[in-house]
Structure formats: structure tokens, C-alpha cells
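Here is a sequence with its predicted model. Questions after.
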Amino acid sequence: MQVDFRSAEVVRAGQAVSLPAREVWGYEAVPSTRTVDVHMAWLRQKLEDNPKYPQFFLTVRGPGSALFS
């Protein structure tokens with residue numbers, strides 16, 4: 001899978017994946033907690049081989065930002 005964050009384009013298995021703007025938020029967006037959950041579920045449905053056992057879009061409980069610092 002290839003993700004171009006600048007152009008908000010995703011290519012999976014050589015095919016472009018159509019993502020509405022609401023699924024590719026910018027830094028100014030302020031979604032609610034449930035909104036994030038719903039959009040993550042939609043992304044998993046579109047991009048994961050098995051959405052019930054995701055490999056790319058994982059939920060990190062607690063202070064997950066420590067994983068990315």
C-alpha cells in the first residue's frame with residue numbers, strides 16, 4: 001500500500017482507493033472521539049485485507065503518542 005499524505009491519495013494493489021476528504025483530515029480538524037472510531041473503521045474496510053484483524057490501522061489505547069516519539 002502506498003499513501004501520499006500531501007495529495008491525500010492511496011494506492012493499494014496497484015489500484016487507487018477513493019477516499020472522501022472527511023477520511024483524510026488535516027491538522028486543523030477537531031473530530032470527536034467517536035468520529036475518529038467511525039472513520040478508522042471505514043478505512044479498515046477499504047484498505048485492510050482482513051478488517052477484523054488490521055495490520056495497518058491499529059488502535060493504541062492510553063498515551064499512544066509515546067510510540068511515535
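Sure thing, it's come through. Residues are numbered from 1 along each chain as shown.

Please, where are all the helices along the chain?
In the chain, the helices defined using DSSP state H lie at 33-47.

What segments of it are strands?
Assigned by DSSP state E, the chain shows strands spanning 2-4, 9-12, 15-17.

Lowest average pLDDT across those strands?
Among those, strand 2-4 carries the lowest mean pLDDT, a mean of 86.

Could you list every helix and strand in contact with it?
Packing partners of strand 2-4 (3 or more C-beta pairs under 8 Å, 6 or more residues apart in numbering; DSSP states H and E): strand 9-12. Just so you know, the C-beta spots here come from the backbone N, C-alpha and C atoms, and that holds for glycine as well.

Alpha carbons of the strand it packs on, as CSV, please.
Extracted C-alpha coordinates of strand 9-12, given in CSV (Å, rounded to 0.1, in the frame of the first residue of the first chain):
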residue,chain,number,x,y,z
GLU,A,9,-4.0,9.6,-2.3
VAL,A,10,-3.8,5.9,-1.5
VAL,A,11,-2.8,3.1,-3.9
ARG,A,12,-3.5,-0.5,-2.9
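
what comes into contact with that strand?
Defining contact as C-beta atoms under 8 Å, 6 or more residues apart in numbering, one finds that strand 9-12 is touched by 1-4, 16-17, 19, 47.

Pick out the most distant pair among the residues you listed.
Among the contacts of strand 9-12, the pair separated by the greatest distance (C-beta to C-beta) is Asp4 and Leu47, at 13.8 Å.
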